[in-house]
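[1] predicted model follows, preceded by the sequence.
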Amino acid sequence: MFIAIDEVGNEIEAIHASRSKKYYCPVCQSEVIVKRGDIKIAHFSHQNINMCERYLYRRESPLHLKLKNNLYLMLKPNYDVRLEYYLQEIEQIPDCLVECSVALEIQLSKISPSLIMDRTNGYKTLGIDVRWIHDDSGIVAKNDTIYLSHFQISTLNQFHLFTVDSETMTFYMYRVIGNVGGMRWRYEKKKISYHDLIRPVEDIYEFIKMDRVFIDNEIKRARMMRSVRNKTLSYLYLLQLTADELPTLFMYLTPFERFIEEPQLEWKLYLYYHIKNKSFDYHAFLEYITLRKVNTNLTSKDIANGLLYDFKKILRISNE
């Protein structure tokens, strides 16, 4: 931590602290000690970190401290930015709180998607948007495909992933376009300025047409699972369709399918089968889809309705 309270209640940055004075944690009020040296950035440390555990305070790595400090110094000349500002209502401490509206969180360690979502939703209750910023060296990408863990997916903001090069303090934004099987996604990457971390993020809804090879690979992947309960294969069998016979509507990646865990081919086959057989039931469809842990204000009904809209659109596109 970089900010502590002195004996008369003033906020003090670690770089200006004196070793001869006493300082206290602004959250738990326990005494903290100032640490500085040739290698580590000046910071305060709890004598007993367990005192602050319920406030999600943890020991931070030297890299985390460096990135947080550098980010703060970048933002300070241009924005109203608070370093480690304690939000008592939700018991959270963002690395940087900018203009009281955007929380910037350096997230180098992997934590559960549920915890990320809880913290994200906590910020939302205060009208604060959050950017979870990863170390760019930890992102696995090849050509036009990025491999995202459930943890990384939970940190997406409008399907955008933010990263920083820890050596150069260069920021990047990955736009996650569509799932291409399992944890693999189509993406676009661009370099951004630290100003872009503060600006609102808008999702871009688009339909992407894949080729027949993609469909073949999806069916091969389903067969490799060697399960008689595989729904993709079950619907292909019920429809008496082969990969070559699938209509072109199955070749499109759609915007709303990013919100669900069902494979992109499977949910389309589900709708195609039930609509063709006049057996579609909206409530059954709601129970069928499994929502991803992803930052969104949409309800399950919103997403189900979005999928139905996507399906109608690709049906229309494929018939043009």
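    Here it is on my side, so go on.

[2] low-confidence regions, the stretch 1-150 of the chain specifically.
    For the stretch 1-150 of the chain, applying pLDDT under 70 flags the ranges 8, 28, 37-40, 47-59.

[3] all strands for it, in order.
    3-5, 11-13, 23-24, 31-35, 43-46, 81-83, 96-98, 102-106, 129-135, 140-142, 145-147 (DSSP state E, counting those that start in this stretch).

[4] out of those, which comes closest to Ile90?
    Ile90 lies closest to strand 102-106 among the strands of the stretch 1-150 of the chain, at 10.4 Å (Cβ to Cβ). Glycine gets a C-beta too; all of them are placed from N, C-alpha and C.

[5] tell me what that closest one is packed against?
    helix 62-75, strand 96-98, strand 129-135 (3 or more Cβ pairs under 8 Å, 6 or more residues apart in numbering; DSSP states H and E).

[6] from the chain's centre, how far out does the helix or strand containing Ile317 sit?
    According to DSSP states H and E, Ile317 maps onto helix 300-319. In terms of Cα atoms, centre = their mean, to the nearest Å, the centre of helix 300-319 is found 24 Å from the chain centre.

[7] circling back: for Arg175, find the nearest of the strands of the stretch 1-150 of the chain.
    So among the strands of the stretch 1-150 of the chain, strand 145-147 is nearest, using Cβ to Cβ, at 10.0 Å.

[8] note down every partner strand of the closest one and its orientation.
    Under the criterion DSSP bridges, strand 145-147 sits next to strand 140-142 (antiparallel), strand 184-192 (antiparallel) in its sheet.

[9] show me which residues of the last one are buried.
    Of the residues in strand 184-192, those with enough neighbours to count as buried (16 or more other Cβ atoms under 10 Å) are Trp185, Arg186, Tyr187, Lys189, Ile192.

[10] dump the residues you listed to TSV, plus pLDDT and distance to Glu167.
    Below are the buried residues of strand 184-192 laid out as TSV (pLDDT from 0 to 100; distance: Cβ to Cβ, whole Å):
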residue	pLDDT	distance to Glu167
Trp185	96	26
Arg186	95	28
Tyr187	96	22
Lys189	96	17
Ile192	98	17
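
[11] next, the buried residues of the helix holding Ile317.
    Residues of helix 300-319 classed as buried: Ile303, Ala304, Gly306, Leu307, Leu308, Asp310, Phe311, Ile314, Leu315 (neighbour count, 16+ other Cβ under 10 Å).

[12] can you list those in a markdown table and add distance to Lys66?
    Shown next, in a markdown table, are the buried residues of helix 300-319 (distance: Cβ to Cβ, whole Å):
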| residue | distance to Lys66 |
| --- | --- |
| Ile303 | 39 |
| Ala304 | 45 |
| Gly306 | 41 |
| Leu307 | 43 |
| Leu308 | 48 |
| Asp310 | 43 |
| Phe311 | 48 |
| Ile314 | 47 |
| Leu315 | 52 |
